[in-house]
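1. Output the structure for:
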Amino acid sequence: MNNQVKILNGDCGEILRDFKSNTVDLIVTSPPYADRRKNTYGGIHPNKYVDWFIPKSKELLRVLKPTGTFILNIKEKAENGERHTYVIELILALRKQGWLWTEEFIWYKKNSYPGKWPNRFRDSWERLLQFNKSRKFNMYQEEVMKPVGDWANGRLKNLSETDKRRDNAKNGSGFGKNISNWLNRDKVYPNNVLHFATVCYNKDHSAAFPEELPEWFIKLFTKPGDLVLDPFMGSGTTVLVAQKMNRKSIGIDILKEYCDKVLKQIDEMPHTLFKDKTDHEIQTEHNYTIRREEYRKFPSATI
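-> Now for the predicted structure:
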(Lines give C-alpha, C1' and ligand atoms only; values in the text may rest on other atoms or scores of the structure.)
Protein backbone atom coordinates (compact mmCIF):
# COMPACT_ATOMS: atom_id res chain seq x y z
CA MET A 1 0.00 0.00 0.00
CA ASN A 2 1.46 3.34 -1.07
CA ASN A 3 0.00 5.67 1.51
CA GLN A 4 1.19 9.13 0.52
CA VAL A 5 0.59 12.65 1.80
CA LYS A 6 0.96 16.24 0.64
CA ILE A 7 1.01 19.22 2.97
CA LEU A 8 0.21 22.54 1.31
CA ASN A 9 0.52 26.02 2.77
CA GLY A 10 -1.97 28.66 1.64
CA ASP A 11 -5.64 29.55 1.37
CA CYS A 12 -7.52 26.35 0.50
CA GLY A 13 -9.92 28.27 -1.74
CA GLU A 14 -6.97 29.26 -3.94
CA ILE A 15 -4.97 26.04 -3.73
CA LEU A 16 -7.96 23.86 -4.57
CA ARG A 17 -8.35 25.60 -7.93
CA ASP A 18 -5.38 23.59 -9.17
CA PHE A 19 -6.92 20.27 -8.18
CA LYS A 20 -8.51 18.04 -10.77
CA SER A 21 -12.28 17.65 -10.43
CA ASN A 22 -13.75 14.51 -8.84
CA THR A 23 -10.52 13.23 -7.24
CA VAL A 24 -11.16 13.27 -3.45
CA ASP A 25 -12.97 10.44 -1.64
CA LEU A 26 -13.51 12.11 1.74
CA ILE A 27 -13.22 15.59 3.21
CA VAL A 28 -13.02 15.82 7.00
CA THR A 29 -12.37 19.27 8.40
CA SER A 30 -13.05 21.79 11.12
CA PRO A 31 -12.66 25.38 9.89
CA PRO A 32 -12.16 28.30 12.27
CA TYR A 33 -15.47 29.05 13.97
CA ALA A 34 -16.90 32.55 13.79
CA ASP A 35 -14.97 35.06 15.94
CA ARG A 36 -12.70 32.28 17.21
CA ARG A 37 -8.91 31.77 16.90
CA LYS A 38 -8.30 35.50 16.41
CA ASN A 39 -4.70 35.15 17.50
CA THR A 40 -4.00 32.53 14.82
CA TYR A 41 -6.52 32.76 11.99
CA GLY A 42 -7.74 36.31 12.52
CA GLY A 43 -11.36 35.44 13.28
CA ILE A 44 -14.36 35.71 10.94
CA HIS A 45 -17.38 37.74 12.02
CA PRO A 46 -20.48 35.51 12.18
CA ASN A 47 -22.38 37.86 9.86
CA LYS A 48 -19.65 37.40 7.23
CA TYR A 49 -19.02 33.71 7.77
CA VAL A 50 -21.18 32.38 4.92
CA ASP A 51 -19.64 34.77 2.38
CA TRP A 52 -16.19 33.71 3.60
CA PHE A 53 -16.88 29.97 3.39
CA ILE A 54 -18.95 29.57 0.21
CA PRO A 55 -16.10 30.26 -2.30
CA LYS A 56 -14.05 27.58 -0.54
CA SER A 57 -16.89 25.05 -0.47
CA LYS A 58 -17.42 25.65 -4.19
CA GLU A 59 -13.98 24.17 -4.81
CA LEU A 60 -14.62 21.37 -2.31
CA LEU A 61 -17.76 20.46 -4.24
CA ARG A 62 -15.80 20.34 -7.49
CA VAL A 63 -12.90 18.19 -6.27
CA LEU A 64 -15.03 15.68 -4.33
CA LYS A 65 -15.96 12.52 -6.20
CA PRO A 66 -19.68 11.91 -6.83
CA THR A 67 -19.33 8.93 -4.48
CA GLY A 68 -17.47 10.96 -1.84
CA THR A 69 -18.52 12.59 1.43
CA PHE A 70 -17.83 15.93 3.13
CA ILE A 71 -17.83 16.02 6.96
CA LEU A 72 -17.91 19.53 8.46
CA ASN A 73 -17.23 19.96 12.18
CA ILE A 74 -18.66 23.30 13.29
CA LYS A 75 -20.58 24.88 16.19
CA GLU A 76 -22.70 27.97 16.72
CA LYS A 77 -21.54 30.62 19.16
CA ALA A 78 -23.51 32.58 21.70
CA GLU A 79 -23.66 36.32 21.09
CA ASN A 80 -25.55 38.93 23.12
CA GLY A 81 -27.40 36.28 25.08
CA GLU A 82 -28.53 34.08 22.16
CA ARG A 83 -27.12 31.57 19.71
CA HIS A 84 -26.04 33.03 16.39
CA THR A 85 -27.60 31.48 13.29
CA TYR A 86 -24.53 31.45 11.05
CA VAL A 87 -24.30 27.64 11.00
CA ILE A 88 -27.94 27.33 9.98
CA GLU A 89 -27.40 30.00 7.33
CA LEU A 90 -24.32 28.13 6.10
CA ILE A 91 -26.27 24.88 5.77
CA LEU A 92 -28.91 26.61 3.66
CA ALA A 93 -26.24 28.28 1.52
CA LEU A 94 -24.45 24.97 0.95
CA ARG A 95 -27.70 23.37 -0.19
CA LYS A 96 -28.20 26.19 -2.68
CA GLN A 97 -24.66 25.61 -3.87
CA GLY A 98 -25.52 22.03 -4.81
CA TRP A 99 -24.64 20.05 -1.70
CA LEU A 100 -27.01 17.45 -0.28
CA TRP A 101 -27.30 17.74 3.51
CA THR A 102 -27.43 13.98 4.05
CA GLU A 103 -26.99 13.57 7.79
CA GLU A 104 -26.00 15.30 11.00
CA PHE A 105 -23.85 13.57 13.60
CA ILE A 106 -23.39 14.84 17.13
CA TRP A 107 -19.97 14.74 18.78
CA TYR A 108 -20.70 14.35 22.49
CA LYS A 109 -17.66 15.48 24.47
CA LYS A 110 -17.35 13.06 27.34
CA ASN A 111 -14.95 15.31 29.23
CA SER A 112 -16.31 18.80 28.53
CA TYR A 113 -15.14 21.46 30.94
CA PRO A 114 -17.47 22.26 33.86
CA GLY A 115 -18.59 25.80 34.45
CA LYS A 116 -21.42 28.14 35.36
CA TRP A 117 -23.19 30.62 33.09
CA PRO A 118 -26.14 32.88 33.95
CA ASN A 119 -28.43 31.75 31.11
CA ARG A 120 -27.19 28.37 29.81
CA PHE A 121 -25.37 25.18 30.71
CA ARG A 122 -21.96 24.02 29.51
CA ASP A 123 -21.44 23.10 25.87
CA SER A 124 -20.89 19.35 25.63
CA TRP A 125 -21.51 18.69 21.95
CA GLU A 126 -20.63 19.88 18.45
CA ARG A 127 -22.12 19.37 15.03
CA LEU A 128 -20.64 17.02 12.45
CA LEU A 129 -22.54 17.84 9.28
CA GLN A 130 -22.49 15.33 6.42
CA PHE A 131 -22.81 16.63 2.86
CA ASN A 132 -22.72 14.70 -0.42
CA LYS A 133 -22.83 15.44 -4.13
CA SER A 134 -25.21 12.58 -4.94
CA ARG A 135 -27.60 10.31 -3.09
CA LYS A 136 -25.50 7.25 -3.89
CA PHE A 137 -22.16 7.48 -2.13
CA ASN A 138 -19.61 5.06 -0.69
CA MET A 139 -20.47 4.00 2.84
CA TYR A 140 -19.03 0.97 4.64
CA GLN A 141 -21.29 0.64 7.66
CA GLU A 142 -19.88 -2.71 8.78
CA GLU A 143 -16.54 -1.00 9.52
CA VAL A 144 -18.01 1.00 12.42
CA MET A 145 -20.20 -1.64 14.02
CA LYS A 146 -19.89 -1.91 17.81
CA PRO A 147 -20.51 -4.62 20.44
CA VAL A 148 -24.19 -5.31 21.01
CA GLY A 149 -23.95 -4.50 24.74
CA ASP A 150 -24.87 -6.20 28.01
CA TRP A 151 -28.56 -5.36 27.60
CA ALA A 152 -28.95 -8.33 25.24
CA ASN A 153 -28.08 -10.90 27.90
CA GLY A 154 -31.29 -10.41 29.86
CA ARG A 155 -33.61 -9.06 27.15
CA LEU A 156 -33.06 -11.97 24.74
CA LYS A 157 -33.06 -14.77 27.32
CA ASN A 158 -36.82 -15.32 27.46
CA LEU A 159 -38.56 -14.08 24.33
CA SER A 160 -42.35 -13.83 24.23
CA GLU A 161 -44.43 -14.76 21.19
CA THR A 162 -44.70 -11.07 20.36
CA ASP A 163 -40.92 -10.78 20.37
CA LYS A 164 -40.69 -13.52 17.72
CA ARG A 165 -42.69 -11.66 15.10
CA ARG A 166 -42.82 -8.14 13.75
CA ASP A 167 -44.60 -6.00 16.32
CA ASN A 168 -45.86 -2.81 14.68
CA ALA A 169 -45.86 0.43 16.63
CA LYS A 170 -49.19 1.23 18.27
CA ASN A 171 -49.13 4.88 17.12
CA GLY A 172 -49.63 3.93 13.48
CA SER A 173 -46.23 5.21 12.36
CA GLY A 174 -45.52 2.09 10.33
CA PHE A 175 -42.40 1.27 12.34
CA GLY A 176 -42.06 -2.10 13.98
CA LYS A 177 -39.56 -4.53 15.46
CA ASN A 178 -38.80 -8.21 15.71
CA ILE A 179 -36.72 -8.76 18.85
CA SER A 180 -35.70 -12.27 17.79
CA ASN A 181 -33.62 -10.76 14.98
CA TRP A 182 -31.05 -9.81 17.64
CA LEU A 183 -30.36 -13.42 18.61
CA ASN A 184 -26.78 -14.59 18.00
CA ARG A 185 -25.58 -11.10 17.15
CA ASP A 186 -22.44 -9.76 18.78
CA LYS A 187 -22.28 -6.44 16.92
CA VAL A 188 -24.78 -3.75 15.96
CA TYR A 189 -24.76 -0.57 13.91
CA PRO A 190 -24.05 2.63 15.87
CA ASN A 191 -26.31 5.65 16.10
CA ASN A 192 -25.44 9.20 15.01
CA VAL A 193 -24.16 10.36 18.43
CA LEU A 194 -20.40 9.87 18.73
CA HIS A 195 -18.88 9.77 22.22
CA PHE A 196 -15.29 11.03 22.05
CA ALA A 197 -13.28 12.87 24.66
CA THR A 198 -11.71 16.19 23.75
CA VAL A 199 -7.93 16.48 23.36
CA CYS A 200 -6.46 17.31 26.76
CA TYR A 201 -2.76 17.16 25.91
CA ASN A 202 -0.87 19.91 24.12
CA LYS A 203 -0.87 19.58 20.33
CA ASP A 204 0.30 23.17 19.76
CA HIS A 205 -3.12 24.05 18.38
CA SER A 206 -6.05 25.71 20.09
CA ALA A 207 -8.79 23.56 18.57
CA ALA A 208 -7.47 20.06 17.84
CA PHE A 209 -10.06 17.30 17.73
CA PRO A 210 -9.36 13.72 18.90
CA GLU A 211 -7.91 11.13 16.54
CA GLU A 212 -10.96 8.93 17.07
CA LEU A 213 -13.14 11.46 15.27
CA PRO A 214 -11.56 11.42 11.78
CA GLU A 215 -10.73 7.73 12.24
CA TRP A 216 -14.43 6.89 12.60
CA PHE A 217 -15.40 8.73 9.42
CA ILE A 218 -12.41 7.41 7.46
CA LYS A 219 -13.53 3.88 8.35
CA LEU A 220 -17.13 4.64 7.41
CA PHE A 221 -16.58 6.36 4.07
CA THR A 222 -13.26 5.14 2.62
CA LYS A 223 -11.17 2.08 1.85
CA PRO A 224 -7.35 1.76 1.98
CA GLY A 225 -5.79 3.72 -0.86
CA ASP A 226 -8.59 6.31 -1.02
CA LEU A 227 -7.79 10.02 -0.83
CA VAL A 228 -8.70 12.07 2.28
CA LEU A 229 -8.56 15.88 2.29
CA ASP A 230 -8.48 18.35 5.19
CA PRO A 231 -8.59 21.91 3.77
CA PHE A 232 -8.26 23.46 7.27
CA MET A 233 -5.58 21.10 8.54
CA GLY A 234 -4.47 22.80 11.77
CA SER A 235 -2.54 20.32 13.91
CA GLY A 236 -2.88 17.69 11.19
CA THR A 237 -4.99 15.12 13.02
CA THR A 238 -6.94 14.08 9.92
CA VAL A 239 -3.94 13.56 7.63
CA LEU A 240 -1.90 11.80 10.31
CA VAL A 241 -4.74 9.39 11.07
CA ALA A 242 -5.26 8.81 7.34
CA GLN A 243 -1.58 7.87 7.06
CA LYS A 244 -1.89 5.33 9.86
CA MET A 245 -4.94 3.85 8.12
CA ASN A 246 -3.20 3.46 4.74
CA ARG A 247 -5.13 6.22 3.01
CA LYS A 248 -3.63 8.92 0.81
CA SER A 249 -4.09 12.39 2.24
CA ILE A 250 -3.77 16.09 1.51
CA GLY A 251 -3.65 18.73 4.23
CA ILE A 252 -3.94 22.47 3.59
CA ASP A 253 -3.41 25.24 6.10
CA ILE A 254 -2.95 28.97 5.73
CA LEU A 255 -0.35 29.06 8.53
CA LYS A 256 3.11 27.84 7.56
CA GLU A 257 4.03 26.98 11.16
CA TYR A 258 1.32 24.31 11.27
CA CYS A 259 2.43 22.89 7.93
CA ASP A 260 6.00 22.64 9.23
CA LYS A 261 4.87 20.92 12.44
CA VAL A 262 2.75 18.36 10.59
CA LEU A 263 5.59 17.61 8.18
CA LYS A 264 7.86 17.02 11.14
CA GLN A 265 5.38 14.56 12.64
CA ILE A 266 5.12 12.71 9.34
CA ASP A 267 8.90 12.51 9.08
CA GLU A 268 8.97 10.94 12.54
CA MET A 269 6.42 8.28 11.65
CA PRO A 270 7.74 4.70 11.47
CA HIS A 271 8.87 3.71 7.99
CA THR A 272 6.64 0.69 8.25
CA LEU A 273 3.84 3.00 7.15
CA PHE A 274 5.64 3.21 3.81
CA LYS A 275 6.19 -0.50 3.30
CA ASP A 276 7.36 -1.66 -0.14
CA LYS A 277 9.33 1.60 -0.55
CA THR A 278 13.05 2.22 -0.57
CA ASP A 279 14.63 4.83 1.71
CA HIS A 280 15.16 7.04 -1.33
CA GLU A 281 11.49 6.84 -2.27
CA ILE A 282 10.47 7.67 1.29
CA GLN A 283 12.75 10.71 1.37
CA THR A 284 11.46 11.85 -2.01
CA GLU A 285 7.86 11.59 -0.86
CA HIS A 286 8.68 13.61 2.26
CA ASN A 287 10.00 16.48 0.16
CA TYR A 288 6.58 18.13 0.16
CA THR A 289 5.61 21.63 -0.85
CA ILE A 290 5.39 24.47 1.66
CA ARG A 291 5.31 27.68 -0.35
CA ARG A 292 2.32 28.45 -2.55
CA GLU A 293 4.40 28.92 -5.70
CA GLU A 294 6.01 25.51 -5.27
CA TYR A 295 2.56 23.94 -5.40
CA ARG A 296 2.42 24.85 -9.10
CA LYS A 297 4.67 21.86 -9.68
CA PHE A 298 1.73 19.63 -8.83
CA PRO A 299 -1.15 20.96 -10.99
CA SER A 300 -2.98 17.64 -11.01
CA ALA A 301 -3.10 17.57 -7.20
CA THR A 302 -3.39 13.80 -7.34
CA ILE A 303 -1.03 11.56 -5.44
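2. What is the least confident helix or strand in the chain?
-> helix 279-285 (a mean of 38; mean pLDDT, DSSP states H and E).
3. where does the protein have low pLDDT?
-> In the predicted model, the chain carries pLDDT under 70 at residues 1-3, 35-42, 149-186, 199-208, 270-303.
4. Now stretch 232-250: buried residues?
-> 232-243, 245-250 (16 or more other C-beta atoms under 10 Å). Any C-beta I mention is one placed from the backbone N, CA and C, and that applies to glycine too.
5. now the end-to-end length of it.
-> End-to-end distance for stretch 232-250: 10 Å, by C-alpha to C-alpha, to the nearest Å.
6. Then stretch 233-252?
-> Note: stretch 233-252 ends 5 Å apart using C-alpha to C-alpha.
7. and if you look at stretch 59-69?
-> 14 Å.
8. who touches it?
-> With contact meaning C-beta atoms under 8 Å, 6 or more residues apart in numbering, stretch 59-69 is reached by 12-13, 16-17, 19-27, 70, 97-99, 102, 130-134, 136-139, 217, 221, 229, 231, 301.
9. try stretch 129-145
-> 25, 61, 64-74, 91, 94, 98-105, 187-190, 216, 219-223.
10. Buried only: go through the residues you listed for me.
-> 25, 61, 64-65, 67-74, 91, 94, 99, 105, 216, 220-222.
11. Which ones among those residues lie within helices?
-> Residues of the buried ones among the contacts of stretch 129-145 located in helices (DSSP state H): 61, 91, 94, 216, 220-221.
12. Which members of those residues are the farthest-apart pair?
-> With C-beta to C-beta as the measure, no two of those lie farther apart than Leu61 and Trp216, at 23.2 Å.
13. Please measure how far the first residue of stretch 8-15 sits from its last one.
-> Taking C-alpha to C-alpha as the criterion, the two ends of stretch 8-15 lie 8 Å apart.
14. Same check on stretch 7-19?
-> 14 Å.
15. and if you look at stretch 104-118?
-> Termini of stretch 104-118 sit 29 Å apart (C-alpha to C-alpha).
16. Name the surrounding residues that touch that stretch.
-> So stretch 104-118 is contacted by 71, 73, 122-130, 192-198, 200, 209, 213 (C-beta under 8 Å, 6+ apart).
17. hmm, 7 Å instead?
-> 122-130, 192-198, 200, 213 (C-beta atoms under 7 Å, 6 or more residues apart in numbering).
18. just stretch 209-224 next, same as before
-> Contacts for stretch 209-224 (C-beta under 7 Å, 6+ apart): 1, 25-26, 28, 30, 69, 71, 73, 107, 138-141, 143-144, 194, 196-199, 228, 237-238, 241-242, 245-247.
19. What ranges does the chain have for its helices?
-> 12-15, 49-63, 86-97, 151-155, 212-221, 237-244, 256-267, 279-285.
20. got a markdown table for those, with distance to Ser112 too?
-> Converted to a markdown table, these look like this (distance: least, C-beta to C-beta, whole Å):
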| stretch | distance to Ser112 |
| --- | --- |
| helix 12-15 | 29 |
| helix 49-63 | 24 |
| helix 86-97 | 19 |
| helix 151-155 | 26 |
| helix 212-221 | 15 |
| helix 237-244 | 19 |
| helix 256-267 | 25 |
| helix 279-285 | 39 |
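21. among the ones you listed, which is the most enclosed?
-> Comparing the helices of the chain by mean neighbour count (mean count of other C-beta atoms under 10 Å), helix 237-244 comes out on top with a mean of 24.
22. Give me the helices and strands touching it, please.
-> helix 212-221, strand 227-230, strand 248-253, helix 256-267 (3 or more C-beta pairs under 7 Å, 6 or more residues apart in numbering; DSSP states H and E).
23. Same list as before, these that is, but in TSV and with distance to Asn111 included.
-> Shown next, in TSV, are the helices and strands packed on helix 237-244 (distance: least, C-beta to C-beta, whole Å):
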stretch	distance to Asn111
helix 212-221	13
strand 227-230	24
strand 248-253	26
helix 256-267	24
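24. Just read off the phi/psi values of Gly115.
-> For Gly115, the backbone dihedrals (degrees, to the nearest 10) come out as phi 180, psi 180.
25. For it, grab the count of nearby residues.
-> The number of residues packed near Gly115 is 9, by other C-beta atoms under 10 Å.
26. So it versus Arg83, what's the distance?
-> From Gly115 over to Arg83 the distance is 17 Å, taken as C-beta to C-beta, to the nearest Å.
27. ditto for Glu104
-> From Glu104 over to Arg83 (counting by C-beta to C-beta), the distance is 16 Å.
28. swap in Gly13?
-> Following C-beta to C-beta, the distance that separates Gly13 from Arg83 is 27 Å.
29. re the thing from before, just the buried subset of the contacts of stretch 104-118, please.
-> Buried among these (16+ other C-beta under 10 Å): 126, 128-130, 194, 196, 198, 213.
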